[in-house]
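Chemist: no letters, just coordinates:
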């Protein structure tokens, strides 16, 4: 412990962009006395408080739960989606991962299908539109059978849960050289394909969701696996393999 | 504020045999022909479990729905952060559970300050909720034979909690979100993300729409409707540091309160004892860790105030295991509120540990020595990992530091049995209402209530509301919309025009600290009176000295935060006033003047066996009472001896 400093001096290069259609640029700011116990977003809070006190506009960034589950926070930090640590969101990243005197570059997620709204905030509504195409089981309230009517093996429930853990942050898109939304789409397809409740809509679902993904302007998957490396929930590219099988199967069966 | 109790409120609960009340009530409610339902438009504010399930269920029935949420997607509402699970009276474990037992436990757990009829309905529909969630593909934990798994939660003597790893809230919300998106796709729900409700619009005394601010463009939008549903969660962030998400706020409820909706029991707030403590002034939120940690951890502080030695250098004889000392029979497993108050007391007395002195140790050394590190890892591995990620300390070697934090708020807008507020056509669901948890909520019951209200209660009761009257068409050009929009616009302009010297965060921090210290887990008459004065001062300072950069016509988080803080500054006074008027201790409301010799909450059923519902009045809020009667569960004093 002893030698490592408890506060940091930092140089920040933060993306500033007034709106979707205006060009953006990096602004340079210097911070001192940043506690190593702060989260990355708390460090940005300090920056924003300082700017506000000086009568300048703070940076806009998305955040909400600040405990890694809502998927609202984003950011590319020194070129890495959600920063340098593994399997966490930006809000869970703490300043002890940085050194005194560091320069930190903070950018929004960048992809054609995720346009910048303002500063570090991007529009991820394409994800909602992909889900709307079929990322659910069509059961009206009141029509459900008894909960134990259909047994589900622990293996299937566990694998479905692994996929369902996706928080929809879009980090996979930002990390992908093709800006593909394959991991996000695959996670939902894989979750529902492994449950008996998902069976009746199995073919229609995967075809519709993939078609929507393409229409939204996301790129194709070329097995770079950057998505898996960046995913705060550690979602495996094995779900992409399952999506591909589901897609092929459904195409052959021709039920859309 | 005047403490007059001139009018008695009636919750309009059905009478007769408890177990058949909801069934008979549903039969008595008017219906609307499926083909006619599309004539009605319902605005649903908030897309957590209550809002998303209500919007989806109503659209499935054929209503036209507009669903607004403050985040960029309905999937991010704060229900997502619930970890533990959801209760239901399935009795799958053959352990004697039943609807009646879940009802009984909830009434008793609420310290006899909830409505029996509502609680019974909640317990009744709990089983249907599980069925519905399974059908929606929620990946609940399973037994090897493929049936649903359960665990015991929060000290319950039966295993009735269903769970999906430690992410039950997330999985339930994603299920409800899927159902909602299906209706968006079908064109029956209009989804309006990044919107904040800033005013309620009434025509002829009936709720007929809202004004929402589009957070991206800054525009004030008029949404006309035949009914309005508030599903906007709790007000825990009035304390600033809580386990709530950053955007959670009281604004929608408070705007409705100012326009006539009564606010019930604001003083009922729940504190959770095992949160990761504050590390400094910069802190933005507190993270909760499962209470199960207290099964194996021992709570202690140094015997010497201000002892700054690392915990490993403090010998056994110089440690105070204060819970074990004060409560020899229960020790570290005393109830949430007792553990929380004891922690605050030792820290207030200068025995707190860590850099800020506001924490106590939770030590696993004995458990590791007794059961092995692997055993402890098996039980709490993920929690230890989370703790290390946040604090940078290894809890296998160094004792955890914990401190209580505000977690849930039982109070909310007053609603009748139909979930209708005192404004006709305005309904409140989930944490935003007050109705089911009394003075204290049991673990794994918040998710249950959100889904019960949205999926099964409101579809029946709103239909009766809409069927029961002739609906005059009201469009967004009606004068009431113009008036409400002007009020919202004027308010933001006023905030922006101050251009003072205090940031919103600074003022919010001061308010939160004041409430935490004097209106938090332990309250006194003097402290509450001081807090009210302090809140008034802060409110004045806000309007004279707040600094909000930018303008209203673009994405401006400072302006959003300022608007919410302005409402918290008004609401805080009501919270403190309610706490002052309730001269008893019950559930999450502890008045130091009213306790037993052992420091237990002392209820006063003679004078306070009622709901306190506050009516807004510029001259001071007016207190109304709804008497509570207990026909099934007999009033007893909670005891853990």
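Modeler: Sure, I can see it. Note that the structure is a prediction, hence the values are computed from the model and not measured.
Chemist: residue ranges for the strands of the stretch 51-200 of chain B, please.
Modeler: B:64-68, B:86-87, B:161-162, B:189-192, B:195-203 (DSSP state E, counting those that start in this stretch).
Chemist: from the middle of its chain, how far away would the second one be?
Modeler: Pointing back at strand B:86-87 there. 16 Å (C-alpha atoms, centre = their mean, to the nearest Å).
Chemist: that strand vs chain A: in contact?
Modeler: No - in terms of C-beta under 8 Å from any C-beta of the partner chain, no part of strand B:86-87 sits within range of chain A; the closest distance is 11.6 Å. For the C-beta atoms, the positions are set from N, CA and C on the backbone; glycine is no exception.
Chemist: mind checking the longest helix of the chain?
Modeler: You didn't say which chain, so I picked chain A. helix A:238-253 (DSSP state H).
Chemist: ah, no, chain B please
Modeler: In chain B, taking DSSP H as the definition, the longest helix is helix B:557-581.
Chemist: that one packs against which elements?
Modeler: strand B:195-203, helix B:251-258, helix B:479-498, helix B:504-518, helix B:525-545, strand B:610-615 (3 or more C-beta pairs under 8 Å, 6 or more residues apart in numbering or on different chains; DSSP states H and E).
Chemist: packing partners for the helix or strand just after that helix?
Modeler: Once helix B:557-581 ends, the next helix or strand along the chain (criterion: DSSP states H and E) is helix B:605-608. The contact analysis (3+ C-beta pairs under 8 Å, 6+ apart) places helix B:605-608 against no helix or strand.
Chemist: now do the buried residues in helix B:605-608.
Modeler: residue B:608 (16 or more other C-beta atoms under 10 Å in any protein chain shown).
Chemist: closest one to chain A among the helices and strands packed on helix B:557-581?
Modeler: Across these, chain A has its closest neighbour in helix B:504-518 (6.0 Å, C-beta to the nearest C-beta).
Chemist: hmm, the closest one touching chain A?
Modeler: Yes - applying C-beta under 8 Å from any C-beta, one finds helix B:504-518 touching chain A at B:505, B:506.
Chemist: repeat for stretch B:542-553
Modeler: Yes - using C-beta under 8 Å from any C-beta, stretch B:542-553 reaches chain A at B:547, B:549, B:550.
Chemist: pLDDT weak spots in the stretch 251-400 of chain B?
Modeler: Within the stretch 251-400 of chain B, not a single segment meets pLDDT under 70.
Chemist: so for chain A, the centremost residue is which one?
Modeler: Most central in chain A under C-alpha atoms, centre = their mean is residue A:169, positioned 2.2 Å from the mean C-alpha point.
Chemist: same list (the strands of the stretch 51-200 of chain B) but as TSV, adding mean neighbour count and mean pLDDT.
Modeler: As requested, the strands of the stretch 51-200 of chain B are exported to TSV (neighbours: other C-beta atoms under 10 Å in any protein chain shown; pLDDT from 0 to 100):
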stretch	mean neighbour count	mean pLDDT
strand B:64-68	25	98
strand B:86-87	30	96
strand B:161-162	26	94
strand B:189-192	22	98
strand B:195-203	24	98
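Chemist: in TSV, list these along with distance to residue A:194.
Modeler: As requested, the strands of the stretch 51-200 of chain B are exported to TSV (distance: least, C-beta to C-beta, whole Å):
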stretch	distance to residue A:194
strand B:64-68	29
strand B:86-87	22
strand B:161-162	19
strand B:189-192	27
strand B:195-203	35
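Chemist: between those, which gets nearest to residue A:11?
Modeler: Closest of these to residue A:11 is strand B:195-203, at 34.9 Å (criterion: C-beta to C-beta).
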